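K.L.:
Pasting the sequence and the predicted coordinates here, then a few questions.
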Amino acid sequence: MANARVDPFPRYNFLVEIDGLRRAGFMTCSGLEEETEVREYREGGDNTTVRKLAGLNSYAPIVLEMGSTADSELWEWRQRVKREGAQGNRKAITVIQQNEAREEVKRWLVLDAWPSKFTAPEFDASSSDNGVESVELQHEGLQLTVRPGAFS
């Protein structure tokens, strides 16, 4: 069926696992980005064209936002990193994208993540909005797994 329509998956159906344990309640997950530095150079004798080489790979920080609750696990993880450093406190983060039926379609594995920043909620006596906390994670790579048959 070469002309079958494939609809995009909704943004709101996702789960986050930290070291294999499912964590509910994340409102947003952003920063699943990787980039390769482009190194430009001029080759002798060719003065009209700049050549380009692939340089180092880099990865954007992952930012997780969640409603503020009594759960302090992410804060405590950040405090351990602050006291002891990232070594020994790195974790595997998995972001699971789901379809409308809440079936897994894609899985991003974030390698060797550690929290570099924690942001507490903003307080405003004139607002009835829920408080939002965020944690920024540094990491050393992404791996993508697509569930077989996810697009059929």
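P.N.:
Alright, I've got the coordinates. Numbers count the residues shown, from 1 in each chain.
K.L.:
Select the longest strand from this protein.
P.N.:
strand 104-119 (DSSP state E).
K.L.:
buried residues in it?
P.N.:
Buried positions in strand 104-119, judged by neighbour count with 16 or more other C-beta atoms under 10 Å: 104-110, 113-115, 118. Where C-beta positions appear, they are placed from N, C-alpha and C, glycine not excepted.
K.L.:
where do the strands sit along the chain?
P.N.:
Here the chain has its strands, by DSSP E, at 14-18, 21-23, 26-30, 34-42, 50-59, 62-67, 91-98, 104-119, 132-138, 142-146.
K.L.:
could these be laid out in TSV, adding mean pLDDT?
P.N.:
Compiled in TSV, the strands of the chain are given as follows (pLDDT from 0 to 100):
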stretch	mean pLDDT
strand 14-18	93
strand 21-23	75
strand 26-30	94
strand 34-42	94
strand 50-59	95
strand 62-67	95
strand 91-98	95
strand 104-119	96
strand 132-138	96
strand 142-146	95
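K.L.:
want to throw these into TSV with distance to Q79?
P.N.:
TSV is the format used below for these (distance: least, C-beta to C-beta, whole Å):
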stretch	distance to Q79
strand 14-18	16
strand 21-23	18
strand 26-30	20
strand 34-42	28
strand 50-59	24
strand 62-67	17
strand 91-98	14
strand 104-119	9
strand 132-138	12
strand 142-146	26
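K.L.:
Looking at the ones you listed, which is nearest to L74?
P.N.:
Among these, the nearest to L74 by C-beta to C-beta is strand 132-138 (4.9 Å).
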